[in-house]
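**Student:** got a predicted structure plus its sequence, pasted below:
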Amino acid sequence: MSRGKKRVLQVAVDLTLLPIMFALAMWIKLDSFAFVSVPAAWSVLIPVLPVTIFSFVRLGFYRAVLRYIAGRALITIMFGSVLSGVTMILVVQMADLPVPRAVPLIYTLLTFLCVGGVRFGFRELVNYAQNRRKERVAIYGAGAAGRQLLQVLHQRSDYVPVAFIDDSVQAQGTHVGGLMVYPPSKIESLIRNNGVNVVLLAIPSATKSRRNEILKSLENQPLLIQTVPGLDDIMTGKARIDQINDISIEDLLGRDPVPPRPELMGANITGKVVMVTGAGGSIGAELCRQILRLKPKRLVLYEISELALYSVEQELAAMKLSIRSNVALSPVLGCIKSARLVDRTLRKFQVETVFHAAAYKHVPLVEQNIVAGVRNIVFGTATLAEAAIAAGVKSFVLISSDKSVRPTNIMGASKRLAELVCQALADAPRNPGTTISMVRFGNVLGSSGSVIPLFRRQIEAGGPITVTHPEITRFFMTIPEAAQLVIQAGAMAQGGEVFVLDMGDPVLITELAARMARLHGLKPIIFTDPDSEKPNQDEIGIVFTKLRPGEKLHEELLVGNLPKPTSHPRIMSATESRQPLEELSLALDDLARACERNDIERIRKIMIEQQTAYQPPQEIVDQFWEPEAEIDGAMDEAVANARRLRIVRG
């Protein structure tokens, strides 16, 4: 119906109700229906009805949308009813009609109750019909955030709040916003008796460890668990209290970060020219964000991907405005293997600190493109570190990986060889003052191509969730925490150290997949044959594939020696074997020739011969490897150029 027709209908309903209320008031007073046959008594309605309707119109009563009518509408109804009653009194007195004096008062009360009751009754009827199609929600947290969230949910069409849950004994048993506050132990009864199928966490001030405890207590229930943003995001304006999000992996695996030490954070950054390679990647971009807040003189963004460089530059430019920073941003589009561009960049901007995050990181892709991986990770690092020493850079930090420890893949072996290159250059006599260090850590949450976004996409698609092996484990750390620790580790470096970040306990990937499924309200089922078994509507399958080429069941952070503690509780220093620069230089020359000839077997042999502890898989899956092709031993001009770029010149 149109708005006009709805208003006409409301007027018609009221014109029907008002005579009924008058008749009811007369019956209550006279205890008889004898007045029905007295026309003079009914004549009072001739002026009362139009005055009452006119009063409601002028008060805006008929403009209200009935399904959203609020308590303040009662004031309007009260005024209209009183005007109607006063009109009746005046008409009775002026016309001397046979209506008892108490009838207008009774009529006023009945009109208020009936007109208001019809509206609110209709609203509840409509809401009941709509609520049957909504998700029934329990809000975990009856504090200020929970109360604000309750007001938001009343305006939404997809949720209907039915209860609060709170840990506080004082709050339990009370009512907040008309809803009962229950203890967490009553969650099963809320599911069974109240039909709750969604829990919204409204505890933005809770620590990550506390949120993790709550999630563990809820994840075995058939519930979809969502959350409001954290207090920091709300306070800084990054998010609003009415934003309802799925549980993030940081909530699932995150730990409470150790507050960064300001003297370490700013030591190599504040007032200095800082360059980040791989600035558009997950770690590189977060390093740039952290560095920008520390007020460097200039931030050089070195990136090979045009799109990634554009995106991070735009983000940092907007961030500069929000924090009112005047830091100069210098985006450089180029490859770290380009010795001339690297040298020109370092000298042009007089770079003082380098964070080297640019590297290939996906194990299966590098196994299929071995030469590209070795050139990027090993020779790119060597080129950059050599140029940093020549340009007088004060601090050089290599971002390494846990896959460099006893590697079973080329990516990890290349990372370990890059560490050896940096260690050798740190000790080289011709290094007058560049402090070179390495920081090694595991997977970061939310990085591109990691298992977490993959699981989320698979859950949203209805499954199955694919896991490579039932027993595979990985270390995880949030990107912001990793970036902060990298910056602080670099500030503690004396030269040649391998810093290892405390990653906590390893995570069983199968259990991670199951927890993510349960937090989406699904029951995880392990399927051995996904084609013969189909999950029910509230279930999702977990299917095991197989380890990919070069993949390990369990990653490690240490080669074997016990780590030494540092002044930071989550940064350790590892003492590991090193190679003399001259010996390493000859190996790199040999490796460059093998790369030029695409001699995959020779590349693997060189990696094994160095102190990388490389344990290659039997199968070679490189796309360009031709095992029966004859490899020409003569070096062409490209190989000669590669030799000229070796670490030891002459």
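**Tutor:** Noted; the coordinates are in hand.
**Student:** C-alpha only now, for contacts and for neighbours.
**Tutor:** Noted.
**Student:** so which bits of stretch 175-191 are buried?
**Tutor:** Going by neighbour count (16 or more other Cα atoms under 10 Å), the buried part of stretch 175-191 is Val176, Leu179, Met180, Val181, Tyr182, Pro183, Pro184, Ile187, Leu190, Ile191.
**Student:** show me the shaky parts of the stretch 451-600 of the chain.
**Tutor:** 529-534, 558-561 (pLDDT under 70).
**Student:** which residue ranges of it form helices?
**Tutor:** Assigned by DSSP state H, counting those that start in this stretch, the stretch 451-600 of the chain shows helices spanning 451-460, 479-492, 509-519, 581-596, 600-609.
**Student:** mind putting these into TSV with mean neighbour count?
**Tutor:** TSV is the format used below for the helices of the stretch 451-600 of the chain (neighbours: other Cα atoms under 10 Å):
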stretch	mean neighbour count
helix 451-460	16
helix 479-492	23
helix 509-519	21
helix 581-596	19
helix 600-609	17
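**Student:** can you say which of the ones you listed is nearest to Ser567?
**Tutor:** Comparison of the helices of the stretch 451-600 of the chain against Ser567 by Cα to Cα identifies helix 479-492 as nearest, at 8.6 Å.
**Student:** tell me how far that closest one is from the chain's mean position?
**Tutor:** 21 Å (Cα atoms, centre = their mean, to the nearest Å).
**Student:** local confidence estimate at the residue of the chain most remote from its centre?
**Tutor:** Relative to the centre of the chain, and counting by Cα atoms, centre = their mean, the farthest-placed residue is Asp96 at 75.4 Å. On the pLDDT scale, Asp96 is placed at 86.
**Student:** Lys320: which of the helices of the stretch 451-600 of the chain is closest?
**Tutor:** Among the helices of the stretch 451-600 of the chain, helix 479-492 sits nearest to Lys320 (Cα to Cα), with 18.2 Å.
**Student:** give me the contacts around the closest one.
**Tutor:** Helix 479-492 is contacted by residues 257, 260-261, 264-265, 267-268, 282-283, 286-287, 290, 395-397, 399, 437-439, 441, 444-447, 499, 501, 570-571 when judged by Cα atoms under 8 Å, 6 or more residues apart in numbering.
**Student:** doesn't Ile89 belong to a helix?
**Tutor:** Yes. Counting by DSSP: H, G, I helix; E, B strand; the rest coil, Ile89 is located in a helix.
**Student:** which residue sits closest to it, ignoring its sequence neighbours?
**Tutor:** Using Cα to Cα, 6 or more residues apart in numbering and skipping residues adjacent in sequence, the residue nearest Ile89 is Pro104, 6.1 Å away.
**Student:** against Ser55, how distant is Leu445?
**Tutor:** 63 Å (Cα to Cα, to the nearest Å).
**Student:** so these two - more neighbours on which side?
**Tutor:** Leu445 (23 against 19; other Cα atoms under 10 Å).
**Student:** from Thr566, how far off is the more buried one?
**Tutor:** Leu445 sits 25 Å away from Thr566, going by Cα to Cα.
**Student:** how about Ser168?
**Tutor:** 40 Å.
**Student:** same check on Phe624?
**Tutor:** In terms of Cα to Cα, Phe624 sits 45 Å off from Thr566.
**Student:** skipping its backbone neighbours, what lies nearest Val196 in space?
**Tutor:** Arg136 is the one closest to Val196 (Cα to Cα, 6+ apart), at 4.8 Å.
**Student:** mind listing what Ser217 touches?
**Tutor:** Counted by Cα under 8 Å, 6+ apart, Ser217 has zero contacts.
**Student:** let's see 10 Å
**Tutor:** Pro184, Ser185, Arg211 (Cα atoms under 10 Å, 6 or more residues apart in numbering).
**Student:** inside strands: which ones of these?
**Tutor:** Of those, none are assigned to strands by DSSP state E.
**Student:** find the centremost residue of this structure, please.
**Tutor:** Ranked by distance to the mean C-alpha position of the chain (Cα atoms, centre = their mean), the top residue is Ser248 at 4.8 Å.
**Student:** about what we covered before: for Leu215, find the nearest of the helices of the stretch 451-600 of the chain.
**Tutor:** Set against Leu215 and scored by Cα to Cα, those come closest in helix 509-519, at 8.0 Å.
**Student:** picking that back up, between the helices of the stretch 451-600 of the chain, which gets nearest to Tyr310?
**Tutor:** helix 479-492 (20.5 Å).
**Student:** isn't the residue farthest from the centre of the chain right next to Ala40, touching?
**Tutor:** Yes. The pair Asp96 / Ala40 is scored as a contact, 9.5 Å apart, by Cα atoms under 10 Å.
**Student:** please enumerate residues in contact with the helix or strand containing Ser322?
**Tutor:** Ser322 belongs to helix 306-323 when assigned by DSSP states H and E. The set of residues external to helix 306-323 that reach it, using Cα under 10 Å, 6+ apart, is 278-281, 284-286, 288-289, 292-293, 301-303, 305, 324-334.
**Student:** go again with 8 Å.
**Tutor:** Contacts of helix 306-323 (Cα under 8 Å, 6+ apart): 279-281, 285, 288-289, 292-293, 301-303, 326-327, 329, 331, 333.
**Student:** what comes up buried for it?
**Tutor:** Ala308, Leu309, Val312, Glu313, Leu316, Ala317, Lys320.
**Student:** need the max-distance pair from these.
**Tutor:** It's Ala308 and Lys320 that sit farthest apart of the buried residues of helix 306-323, by Cα to Cα, at 18.2 Å.
**Student:** other residues contacting stretch 494-510?
**Tutor:** Contacts for stretch 494-510 (Cα under 8 Å, 6+ apart): 422-424, 426-427, 435-442, 467, 469-477, 482, 485, 489, 557-558, 563, 570-576.
**Student:** and that stretch, end to end?
**Tutor:** Length of stretch 494-510, first residue to last, Cα to Cα: 40 Å.
**Student:** chain center to it: distance?
**Tutor:** In terms of Cα atoms, centre = their mean, the centre of stretch 494-510 is set 22 Å apart from its chain centre.
**Student:** where in the stretch 51-200 of the chain is pLDDT low?
**Tutor:** Checking the stretch 51-200 of the chain against pLDDT under 70 turns up 64-71, 127-133, 156-157.
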